[in-house]
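*Asks:* Let's see this in three dimensions:
(chains A and B)
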Amino acid sequence: MTKKFIKLKSEDLSEWYNDLVVKAELADYAPVKGCMVIRPYGYAIWERIQSFMDKFIKEKGVQNAYFPLFIPESFLKKEKEHVAGFAPELAIVTIGGGQELTEKLIVRPTSETIMYEMYKKWTQSWRDLPVMMNQWCNVVRWEQRTYLFLRTTEFLWQEGHCAHATDQENQEMVQWALNLYKKTYSDLLAMYGVTGIKSETEKFGGASKTYTIEVLMPNGKALQAGTSHDLGQNFAKSFDWSLQDQNGDKLYPYQNSWGLSTRSIGGLIMVHGDDNGLVFPPQIAPTQLVIVPIPGHEKAIKLANSIFDQLKSKYRSQIDDLAGETAGFKFNKWEMKGVPIRLEIGDKEADIDSAVVVRRDTLEKQTVKIADLEKTIDQLLIDIQSNLLEKHQKFTQDNTFSVDSYDEFKKIMSTTRGFISAHWCESADCEAKIKEETKATTRCLPDGQKDEAGVCIHCGQPSKHRWLFAQSY
RNA sequence: CGGGGAUUGGCGCAAUUGGCUAGCGUGCACGCUUUGGGAGCGUGAGGUUGCAGGUUCGAAUCCUGUAUCCCCGACCA
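*Replies:* I've put the predicted structure just below:
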């Protein structure tokens, strides 16, 4: 008999997700509408994402800095497409210190404008380029509907902003950031994503081009999991930011910006979790290994503690030897928390110098000699990490459908959903109608997509390549 | 912003032709027995029923207003 302590993923993904995020103590609803509290267990995930990415960001020569939370309204208005994109979701401060402000302040939804105003001040010559900065910060977007981690009014992210003397360097940087995201998802989070370029209507307001990584969720919806924007000279021109080049001529810098947010944590939970709770890949798991001595087994508790002392410097580990909870309770608790490996040690194991090793992803158990523990754990950590990535990659592939008829397209969208690879004429009109009729939007033109003559799935006009469609999260 | 649901001990819920001291589960505290897949028994703490008005001898229950939250849509990282 299994009692239900959390909602089941297999029954209702949405309820399962909300229930689990709160019960596993990753986050909780804050008293402020649309906002959440990220609790220590959830924040530990974010810190691991930060340290993973930060290392690569710094290696690339991008420096961390911090810019203000407030942006003068006039700044945002300088780039027309940019302000149009964000206007509906801005939080605006009108009163400060009891006084009506002469110029309203926007709580940043993103920091392009305020950063570039400063970049302009700091640079006069082509010799001052490139400017490469990143900030880890919070931003606010007044979304109508919220969802823990995936869509909250305030969220955490990193935003990188670089300016270059040549478009070539700019393009190289845009791709570098996109690859960083791809690497973060695959190597750290064990998630498979499709990278590519956004359509005109889906791109970032003010950008020339937007590159994205799209991740398929278990319900067949796609999560925009990170973006890298080629801003061209748009912002430089809007802000009248020009430098002198080597010939003394006017040079507008080529710019890019790129961001990855705490939304990634929502994706992580959804992609890997199961009916028993969270499943964390070892690389991201705040705790990789938990040792559970069977309560009341004195000899085993002693052994468990010595094993803990031996392993704790090598793995992020914990021992759960608190009295008052039964073994079964502890097993379920740690499974819900997604810890990749659990060691169970009772007197039965202590007598034969062994431990039961349980892997979270498959729940398989094996009895391992203490002497062989490290070897087994090392291997398991690798196996679990790669198993989870493979599983998600396979899921994504199994749910990516190449279709040539609109009927087929509609059928998939009304049943399993998923990624649909289809020809599209690239007209915004067709894109809007497809969305209206099927809920699917273009996610991207995938990298490496071959040119292929075809006809638009909707209007029948000639098309050059297949785009990736899905319902967005 | 459109549609739906909800608000009662920490959490999940019950309690209407308006009526007794607002119950139950879980969690919490204490004690004893337990402890290999969410233990058992006993004792106990914890609620002016979201808020503001109104009707009434009497309101969780009826009326008016209001706030907040969740779900489904449209928008977005």
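
*Asks:* ok, A:Leu76 - contacts?
*Replies:* Going by CB atoms under 8 Å, 6 or more residues apart in numbering, A:Leu76 touches A:82-83, A:86, A:90, A:106, A:113. Any C-beta I mention is one placed from the backbone N, CA and C, and that applies to glycine too.

*Asks:* Now with 7 Å, please.
*Replies:* Contact analysis of A:Leu76 by CB atoms under 7 Å, 6 or more residues apart in numbering lists A:82-83, A:86, A:106, A:113.

*Asks:* which SS class is it?
*Replies:* Counting by DSSP: H, G, I helix; E, B strand; the rest coil, the backbone at A:Leu76 sits in helix.

*Asks:* For it, which non-adjacent residue is spatially closest?
*Replies:* The shortest distance from A:Leu76 to any non-neighbouring residue, by CB to CB, 6 or more residues apart in numbering, is to A:Val83 (4.9 Å).

*Asks:* what does the helix or strand encompassing that neighbour rub up against?
*Replies:* Here A:Val83 sits within helix A:80-86, counting by DSSP states H and E. Helix A:80-86 has contacts (CB under 7 Å, 6+ apart) with A:76-77, A:109, A:112, A:204-206.

*Asks:* Kindly report the same for stretch A:446-456.
*Replies:* A:194-196, A:423-425, A:430, A:461-466, A:468.

*Asks:* which among the contacts of helix A:80-86 gets closest to RNA strand B?
*Replies:* Proximity of those to RNA strand B (CB to the nearest atom of the strand) peaks at A:Phe204, which lies at 5.5 Å.

*Asks:* Look at that closest one and report its pLDDT.
*Replies:* Per-residue confidence (pLDDT) for A:Phe204: 92.

*Asks:* A:Ile92 too?
*Replies:* 87.

*Asks:* same check, this time on the one 3 residues further on
*Replies:* Each residue has a pLDDT score; the one for A:Ile95 is 84.

*Asks:* If we ignore the residues flanking it in sequence, what's nearest it?
*Replies:* Nearest non-adjacent residue to A:Ile95, counting by CB to CB, 6+ apart: A:Leu101, 6.6 Å away.

*Asks:* next one: A:Glu298
*Replies:* A:Asp347 is the one closest to A:Glu298 (CB to CB, 6+ apart), at 7.9 Å.

*Asks:* swap in A:Ala222?
*Replies:* Leaving aside its sequence neighbours, A:Ala222 sits nearest to A:Ala470 (CB to CB, 6+ apart; 3.7 Å).

*Asks:* Next secondary structure after the helix or strand A:Leu260 falls within?
*Replies:* Counting by DSSP H and E, the element that carries A:Leu260 is strand A:254-261. Using DSSP H and E, the next helix or strand after strand A:254-261 towards the C-terminus is helix A:263-272.

*Asks:* Quickly note the distance from the nearest residue to A:Phe239 once chain neighbours are set aside to A:Glu408.
*Replies:* In space, and not counting its chain neighbours, A:Phe239 is closest to A:Tyr116: 5.3 Å by CB to CB, 6+ apart. Separation of A:Tyr116 from A:Glu408 (CB to CB, to the nearest Å): 46 Å.

*Asks:* returning to that earlier point: which of the contacts of A:Leu76 sits closest to RNA strand B?
*Replies:* Here the nearest of the contacts of A:Leu76 to RNA strand B, counting by CB to the nearest atom of the strand, is A:Phe86; it sits at 8.5 Å.

*Asks:* count of residues packed around the closest one?
*Replies:* For A:Phe86, the count of nearby residues is 21 (other CB atoms under 10 Å).

*Asks:* Report the separation between it and A:Trp136.
*Replies:* For A:Phe86, the distance to A:Trp136 - CB to CB - is 20 Å.

*Asks:* now do A:Glu426
*Replies:* From A:Glu426 to A:Trp136 the distance is 36 Å (CB to CB).

*Asks:* thinking again about what came up before, buried ones in the helix holding A:Val83?
*Replies:* A:82-83, A:85-86 (16 or more other CB atoms under 10 Å).

*Asks:* Let me see the ranges of the helices in the stretch 301-450 of chain A.
*Replies:* A:327-336, A:347-351, A:373-398, A:406-414, A:428-438 (DSSP state H, counting those that start in this stretch).
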